[in-house]
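K.L.:
What would the 3D arrangement of this be:
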Amino acid sequence: MTAALRAIRFSILDRSRVRLDQPHPEALRETVEFARLAEDWGYHRFWVSEHHSVPGVAGSAPTVLAAAIAAATSRIRVGTGGVMLPNHQPLIVAEQFGVLESLYPGRIDMGLGRSVGFTGGVRRALGHDRRDAEDFDAQLSELLAYFAGGRQGVHAWPAEGLRVPAFLLATGSGAERAARFGLPLVIAPVTGEDVMAGAIERYRTGFRPGPGGDEPYVVLSGSVVVADTTEQAHRLLLPEAWSAAWSRTRGEFPPLSPPELIERAPMTDRQRELFGEALRGHIHGTASEVLADLDRLVRRTGADEFLVHTSTYDRTARLESHRRLAEAVGLRADVEGQRASA
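P.N.:
Down below sits the predicted model:
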């Protein structure tokens with residue numbers, strides 16, 4: 001393994017994806033068990049996400065799920081990737097993370113995003129609309145102020161005075177915003193590596209010391225699949241890619257289907273095009289192929305951390321992929337060394 005990969009951290013984002021005919025509660029229990037394994041394998045963080053009224057995602061209340069994960073683990077950092085701030089009052093978010101940090105000191109991360117509900121109906125049910133995302137800077141400032149010492153006579157106990165690291169998920173102008181606020185940046189190459197690399201450069205150039213520290217910190221986020229062969233790894237990407245294509249043509253993100261069903265499924269020309277697009281840009285293959293791709297990406301971006309978010313229908317293959325990745329980049333060896341020292 002190269003020095004570039006050995007120098008960075010590896011973490012996991014899990015969305016509690018639901019499989020075809022699987023109850024939502026089972027998907028949530030699988031997330032908690034996944035976090036236990038991730039801790040044993042040596043991953044640095046385990047984050048959960050926020051989605052509303054999505055048939056294929058059970059993760060709708062990230063701070064609640066984070067509490068269950070923190071209770072079931074002992075060392076791994078736990079957080080959100082992320083809480084969608086336009087959906088919540090900053091005071092409530094500060095209080096929730098203050099409670100988490102009080103119960104599990106030194107282990108809680110506050111990943112924040114600015115997306116609003118997927119459809120108009122969901123936005124109305126949340127009591128918000130797309131304009132709320134335009135007020136994100138004010139919401140973020142208010143949230144951070146509660147940790148620093150209150151705002152206009154209002155105190156977010158028990159958050160006040162606690163240090164809960166905040167991370168900003170980059171969408172649109174998110175890189176520049178993270179730089180202005182002095183926060184770590186979480187970014188994915190969803191619009192291509194060139195666009196992502198440019199955003200990271202603007203983040204580093206414009207970074208001002210702030211609540212996140214004196215130096216910029218970049219977390220790359222992407223899917224990684226490790227299997228016996230390149231073909232097996234590619235096949236594991238099919239369920240998530242088909243869900244993405246379906247959502248963009250039907251307006252609903254469905255549960256994950258087995259690859260064999262997808263391979264037989266009739267597709268419109270538009271769905272086939274979107275399906276092909278959704279299959280591109282993922283790091284997948286054998287362990288050596290994955291290490292080579294990760295090394296190239298880390299060298300190009302100078303990333304400090306890689307946040308893996310990988311979904312597929314085959315739960316066993318997914319867990320084995322994460323285990324193999326941990327082994328390939330030396331996480332398991334680090335954990336075993338720490339245990340030996342202890």
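K.L.:
OK, contacts around residue 80?
P.N.:
By CB atoms under 8 Å, 6 or more residues apart in numbering, residue 80 lies in contact with 47-50, 62-63, 66, 109-112. C-beta: built from backbone N, CA, C; applies to glycine.
K.L.:
which one of these sits closest to residue 211?
P.N.:
Distance to residue 211, by CB to CB, is smallest for residue 110 among the contacts of residue 80, at 10.1 Å.
K.L.:
ok, back up a step: which of the contacts of residue 80 has the weakest pLDDT?
P.N.:
Lowest pLDDT within the contacts of residue 80 is found at residue 50 (91).
K.L.:
picking that back up, let's see which of the contacts of residue 80 end up in helices.
P.N.:
Counting by DSSP state H, the contacts of residue 80 place 62-63, 66 in helices.
K.L.:
how far away is the nearest residue to residue 203 once chain neighbours are set aside from residue 116?
P.N.:
Distances taken as CB to CB, 6 or more residues apart in numbering put residue 175 closest to residue 203, at 4.3 Å, once the chain neighbours are dropped. Noted for residue 175: a distance of 20 Å to residue 116, by CB to CB, to the nearest Å.
K.L.:
cool, and residue 7?
P.N.:
Counting by CB to CB - residue 7 and residue 116 are separated by 37 Å.
K.L.:
who's more crowded, those two?
P.N.:
For residue 7 versus residue 116, the count of surrounding residues by other CB atoms under 10 Å is larger for residue 116: 20 against 10.
K.L.:
Where does pLDDT dip in the chain?
P.N.:
The model of the chain has pLDDT under 70 over residues 117-120, 123, 128-134, 172, 191, 332-342.
K.L.:
ok, now with 50
P.N.:
Along the chain, the model assigns pLDDT under 50 to residues 340, 342.
K.L.:
which residues does residue 281 contact?
P.N.:
By CB under 8 Å, 6+ apart, the contact list for residue 281 reads 189-190, 192, 222.
K.L.:
now the residues you listed as JSON lines including neighbour count and distance to residue 74?
P.N.:
Converted to JSON lines, these look like this (neighbours: other CB atoms under 10 Å; distance: CB to CB, whole Å):
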{"residue": "189", "neighbour count": "19", "distance to residue 74": "33"}
{"residue": "190", "neighbour count": "12", "distance to residue 74": "34"}
{"residue": "192", "neighbour count": "11", "distance to residue 74": "39"}
{"residue": "222", "neighbour count": "21", "distance to residue 74": "28"}
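K.L.:
Please identify which two of the residues you listed are farthest apart in space.
P.N.:
Taking CB to CB, the two most distant members of those are 192 and 222; they sit 12.3 Å apart.
K.L.:
just the helices in the stretch 151-300 of the chain please.
P.N.:
Secondary structure of the stretch 151-300 of the chain by DSSP state H, counting those that start in this stretch: the helices cover 174-181, 193-206, 230-236, 238-250, 259-264, 269-278, 287-301.
K.L.:
can you put those in CSV and add mean neighbour count?
P.N.:
Formatted as CSV, those follow (neighbours: other CB atoms under 10 Å):
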stretch, mean neighbour count
helix 174-181, 21
helix 193-206, 16
helix 230-236, 17
helix 238-250, 20
helix 259-264, 13
helix 269-278, 15
helix 287-301, 17
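K.L.:
which residues of the protein fall in strands?
P.N.:
Using DSSP state E, the strands found in the chain span residues 9-14, 45-48, 77-80, 83-84, 108-113, 166-169, 185-187, 218-222, 224-226, 283-285, 305-308.
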